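Peer 1: let's see this in three dimensions:
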Amino acid sequence: MAGPAQADAETGHPRQHDLTGPALAGWLKTHVRGFEGPHAAVKISGGQSNPTYRIDAASGSYILRARPMGQTLPSAHAVDREFRVLSALAPTDVPVPPVHALCRDESVIGAMFYVMDAVPGRVFWDPRLPDFTRAQRTALFASMNAQIARIHMLDPDAIGLADYGRHGDYLQRQVSRWTRQYNASVTGENEAMERLIDWLPRNLPAEGPTRLVHGDYRLDNLLIAPHGTDVMAVLDWELSTLGDPIADFAYHAMSWRLAPDLFRGLAGVDLAALGIPDEREYLDAYLARTGLPRPEAWEFHLVLALFRIAAILQGIARRAIDGTAANADAVEIGAKAKPIAEIAWQLARSINRGETG
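Peer 2: Just a heads-up that it's a prediction; the model follows:
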């Protein structure tokens with residue numbers, strides 16, 4: 001049940017979110033409509049950087065998302081931004097968990113947090129969906145495609161998110177951000193990343209309209225119906241902002257460029273046999289749903305997506321060396337940065353040669 005924390009100055013033990021004390025019980029009773037205690041809390045495992053807990057009470061089940069204990073970067077772990085975007089999406093057709101309240105008072109559990117309803121559903125990590133039938137895979141991919149299209153069709157101004165992020169230069173800012181991230185976490189030679197750092201800013205395409213972007217839309221950030229294939233809720237909006245929807249979709253679609261054993265991908269898989277659309281079919285379905293024009297620089301967006309995930313994995317590699325990684329398999333995960341960067345660089349070279357279509 002403990003979240004990532006600093007050590008207590010007196011005991012030396014990790015500090016934990018206080019989820020069983022009277023302060024949280026009182027806050028829940030006051031701010032969560034219909035809440036009735038007593039309650040119990042358990043940490044939900046997963047890759048979230050914001051500790052996530054399931055609260056079970058007499059009145060039902062809830063999810064509590066908190067900032068980690070201790071000092072964090074000012075712009076990181078922004079649970080208040082998550083709360084804001086979920087609140088804005090509540091009246092739209094994008095499925096998100098209903099939120100109750102945000103608590104900025106760190107004295108309640110030791111950090112800022114918000115509470116939302118627990119939505120019944122399943123989480124899957126392998127996009128090949130081995131336990132599904134062919135028809136079920138086809139239906140799930142259609143639902144997944146439809147939900148990201150719904151996100152990108154929203155007018156940020158109309159839902160109160162006009163100031164949720166900067167307008168314009170999204171691609172340039174993404175290149176700069178993930179270049180800084182990579183340079184801050186280098187652990188060894190990675191020629192492909194160095195070449196990409198030079199290539200990306202010199203090949204920036206024109207941008208599309210400014211829309212709400214999820215930032216991390218992938219299968220394991222979706223809740224799938226307990227006994228069906230529909231997306232019941234889109235989760236983990238920590239990286240959401242305003243930006244180019246094609247860039248956001250490309251980050252989601254890069255699974256088609258990665259092998260299953262490299263990073264939960266679909267490259268080399270017999271997609272037709274499984275009932276999964278290929279990359280072009282999946283892009284076509286998205287464009288038909290959104291009405292967006294076909295991107296002339298689709299492959300550039302894939303290069304940027306691969307560069308970004310390589311930079312993220314490099315950060316994990318750095319934390320593994322520093323001894324601050326949250327995952328026990330951080331060394332193995334971080335080692336994937338180099339081969340993914342090499343895939344990105346090979347794609348960039350093919351663009352220059354005019355070999356992509």
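Peer 1: give me the contacts around the helix or strand of the chain with the lowest mean pLDDT.
Peer 2: Every helix and strand of the chain was ranked by mean pLDDT, DSSP states H and E. The lowest is helix 330-334, at a mean of 80. Contact partners of helix 330-334, identified using C-beta atoms under 8 Å, 6 or more residues apart in numbering, comprise 187, 313-320, 325, 327. The way it works is simple: take the backbone N, C-alpha and C, and place the C-beta from them, glycine included.
Peer 1: ok now that helix, how far from the chain's centre?
Peer 2: 18 Å (C-alpha atoms, centre = their mean, to the nearest Å).
Peer 1: give the buried residues for stretch 226-244.
Peer 2: Residues of stretch 226-244 classed as buried by neighbour count (16 or more other C-beta atoms under 10 Å): 229-244.
Peer 1: which of the residues you listed sit farthest apart?
Peer 2: Distances among the buried residues of stretch 226-244 were taken as C-beta to C-beta; the most separated pair is 229 and 242, at 30.3 Å.
Peer 1: where along this protein do the helices fall?
Peer 2: 22-31, 79-89, 134-153, 170-183, 191-202, 245-253, 260-263, 271-274, 279-290, 298-322, 330-334, 337-352 (DSSP state H).
Peer 1: what mean pLDDT would you report for the last one?
Peer 2: The one in question is helix 337-352. Mean pLDDT, helix 337-352: 95.
Peer 1: please apply the same query to the first one.
Peer 2: Over the span of helix 22-31, the pLDDT mean works out to 95.
Peer 1: please apply the same query to the third one.
Peer 2: Confidence over helix 134-153 (mean pLDDT, whole number) is 98.
Peer 1: what's the closest of the buried residues of stretch 226-244 to residue 180?
Peer 2: Nearest to residue 180 among the buried residues of stretch 226-244: residue 239, at 15.6 Å, using C-beta to C-beta.
Peer 1: how about the closest one: what's its closest non-neighbour residue?
Peer 2: Leaving aside its sequence neighbours, residue 239 sits nearest to residue 215 (C-beta to C-beta, 6 or more residues apart in numbering; 2.9 Å).
Peer 1: tell me how many other residues crowd the one you found.
Peer 2: Residues near residue 215, counting by other C-beta atoms under 10 Å, number 19.
Peer 1: so which of the helices of the chain is nearest residue 58?
Peer 2: It is, among the helices of the chain and with distance given as C-beta to C-beta, helix 22-31, at 11.2 Å.
Peer 1: might one say that residue 137 is in contact with residue 276?
Peer 2: Yes: contact criterion C-beta atoms under 8 Å: residue 137 and residue 276 qualify, at 5.4 Å.
Peer 1: neighbour-wise, which of these two wins?
Peer 2: Neighbours per residue (other C-beta under 10 Å) separate residue 137 from residue 276, with residue 276 holding more: 23 against 20.
Peer 1: quick one: that one and residue 256, what's the gap?
Peer 2: Between residue 276 and residue 256 the distance, using C-beta to C-beta, to the nearest Å, works out to 9 Å.
Peer 1: quickly list what's touching both of these two.
Peer 2: Counting by C-beta under 8 Å, 6+ apart, the residues touching both residue 276 and residue 256 are residue 266.
Peer 1: picking that back up, and among the helices of the chain, the most buried is which?
Peer 2: For the helices of the chain, the largest average neighbour count (mean count of other C-beta atoms under 10 Å) is found in helix 245-253, namely a mean of 25.
Peer 1: what separates it from the chain centre, distance-wise?
Peer 2: Offset of helix 245-253 from its chain centre (C-alpha atoms, centre = their mean): 12 Å.
Peer 1: neighbouring contacts of it?
Peer 2: So helix 245-253 is contacted by 148, 151-152, 170-171, 174, 208-209, 211, 213-218, 279, 282-283, 286, 290, 292, 295, 298, 301-302, 304-305, 308-309 (C-beta under 8 Å, 6+ apart).
Peer 1: who's in contact with the residue nearest the centre of the chain?
Peer 2: With distances taken as C-alpha atoms, centre = their mean, the residue of the chain nearest its centroid is residue 216 (2.6 Å). Contact analysis of residue 216 by C-beta under 8 Å, 6+ apart lists 236, 238-239, 251.
Peer 1: now the closest residue to residue 271 other than its chain neighbours: how far from residue 234?
Peer 2: Of all residues not flanking residue 271 in the chain, residue 278 sits nearest, at 5.3 Å (C-beta to C-beta, 6+ apart). For residue 278, the distance to residue 234 (C-beta to C-beta) stands at 24 Å.
Peer 1: also residue 151?
Peer 2: Distance of residue 151 to residue 234, given as C-beta to C-beta: 7 Å.
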